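A.B. asks: Structure of the sequence below:
(one chain, ligands or ions: 1)
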Amino acid sequence: MTAEAKKEADKAKKQKPREIKFKCQRCQKEVLLKEMVRVTRFRPVLIVCQNCAEEMR
Ligand SMILES: [Zn+2]
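C.D. replies: Here you go, the predicted model:
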């Protein structure tokens, strides 16, 4: 592997992985995983965005 090719490979490795998104089960909006809220008082458990979690309170 040439030095140049190695540099390119390293760069690719460091690239941020695509952010995982979930679809809100209530409004169908795509939301980042860390912004999802699990509403456990429903069965089955609902995974919704923060907005919907607020509205369902
Ligand atoms: Zn929602």
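A.B. asks: any chance you could map the strands in the chain?
C.D. replies: Residue ranges of the strands in the chain, as given by DSSP state E, are 21-23, 30-32, 36-39, 46-49.
A.B. asks: With mean pLDDT and distance to the ion added, can I get these in JSON lines?
C.D. replies: Where C-beta positions appear, they are placed from N, C-alpha and C, glycine not excepted. Supplementary listing: these in JSON lines, determined by pLDDT from 0 to 100; distance: least, CB to the ion, whole Å:
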{"stretch": "strand 21-23", "mean pLDDT": "92", "distance to the ion": "9"}
{"stretch": "strand 30-32", "mean pLDDT": "94", "distance to the ion": "7"}
{"stretch": "strand 36-39", "mean pLDDT": "93", "distance to the ion": "9"}
{"stretch": "strand 46-49", "mean pLDDT": "94", "distance to the ion": "4"}
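A.B. asks: highest average neighbour count across those strands?
C.D. replies: For the strands of the chain, the largest average neighbour count (mean count of other CB atoms under 10 Å) is found in strand 46-49, namely a mean of 20.
A.B. asks: what does it rub up against?
C.D. replies: 22, 24-27, 29, 31, 35-39, 56 (CB atoms under 8 Å, 6 or more residues apart in numbering).
A.B. asks: Adjacent strands (with direction) for it?
C.D. replies: Strand pairing for strand 46-49, determined by DSSP bridges: strand 36-39 (antiparallel).
A.B. asks: Check the offset of the strand it pairs with from the chain's centre.
C.D. replies: On the basis of CA atoms, centre = their mean, to the nearest Å, strand 36-39 sits 12 Å off its chain's mean C-alpha point.
A.B. asks: What sits closest to K21 if chain neighbours are left out?
C.D. replies: E30 (4.6 Å; CB to CB, 6 or more residues apart in numbering).
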